[in-house]
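Chemist: no sequence on this one, just coordinates:
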């Protein structure tokens, strides 16, 4: 999976609030008094025929505003961490770390804007409630831009508990993320959203290019 797609999927879930009047009830309930979140997840990539291409598992931690730690553990280790200012993306197998400035403005037209609190949310996305399907309350979000990378994003809730996310891209590939052990508003360990660069790793610091 490309770094761009991987990061975009993660940013969909990482987050500040958008105003309650812009949300269907499941989203509104989920984000009510939302400060932190932790969860285990299983992420499955399916092709246009519904055949499994890839399956990954890991853990995630979120904290307002704009802090997250997304850790893929199987079948290989990847970490994407931000403290709201700097973004680190580590691929342990490749022994490579990419560092960039974290800027929520660059994802205004991506699915990340759904829960990143972007004031232009309604301009770029159409949302509708899908009702209850197989035990989940579903909300669908469709980009207004026909050239957007994603066709739609569907988020399923069990009451106010995040249960599942299904993302369909323009290649008709589907990313399904199942969440387990979801915990809201727990205390996060000190340093959870900071990153210490390991020794003997190739570092690509894109901030140097941005500032050139």
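Modeler: Yep, that arrived. These numbers were taken from a predicted model, which means no experiment stands behind them.

Chemist: contacts, neighbours, all on C-alpha from now
Modeler: Noted.

Chemist: which outside residues touch stretch 198-207?
Modeler: Residues outside stretch 198-207 that contact it (CA atoms under 8 Å, 6 or more residues apart in numbering): 95, 96, 97, 98, 99, 100, 101.

Chemist: and the helix or strand hosting residue 53, which strands flank it?
Modeler: According to DSSP states H and E, residue 53 maps onto strand 52-63. Strand 52-63 pairs in its sheet with strand 36-46 (antiparallel), strand 67-74 (antiparallel), by DSSP bridges.

Chemist: I'd say residue 59 and residue 37 touch.
Modeler: No - the pair residue 59 and residue 37 does not pass the contact test of CA atoms under 8 Å, sitting 10.7 Å apart.

Chemist: most packed of the strands paired with strand 52-63?
Modeler: Highest mean neighbour count of those: strand 67-74, a mean of 21 (counted as mean count of other CA atoms under 10 Å).

Chemist: what about it, distance to the chain center?
Modeler: From the chain centre to the centre of strand 67-74 is a distance of 10 Å (CA atoms, centre = their mean, to the nearest Å).

Chemist: what about it, average pLDDT?
Modeler: In this model, strand 67-74 has a mean pLDDT of 89.

Chemist: Helix, strand, or coil at residue 208?
Modeler: helix (DSSP: H, G, I helix; E, B strand; the rest coil).

Chemist: Would you map the helices across the protein?
Modeler: Under the criterion DSSP state H, helices of the chain are mapped to 3-12, 25-31, 121-124, 206-210.

Chemist: now the first one: mean pLDDT?
Modeler: To tie it back to what came earlier, the one meant is helix 3-12. Helix 3-12 shows a mean pLDDT of 57.

Chemist: same deal with the last one?
Modeler: Summarised as a single mean, pLDDT over helix 206-210 is 79.

Chemist: what does the third one give?
Modeler: Confidence for helix 121-124, expressed as mean pLDDT, is 61.

Chemist: gap between residue 170 and residue 202?
Modeler: 32 Å (CA to CA, to the nearest Å).

Chemist: Next: residue 185.
Modeler: Distance of residue 185 to residue 202, given as CA to CA: 35 Å.

Chemist: Could you do residue 96 as well?
Modeler: Distance, residue 96 to residue 202, using CA to CA: 5 Å.

Chemist: Perfect, I'm done here.
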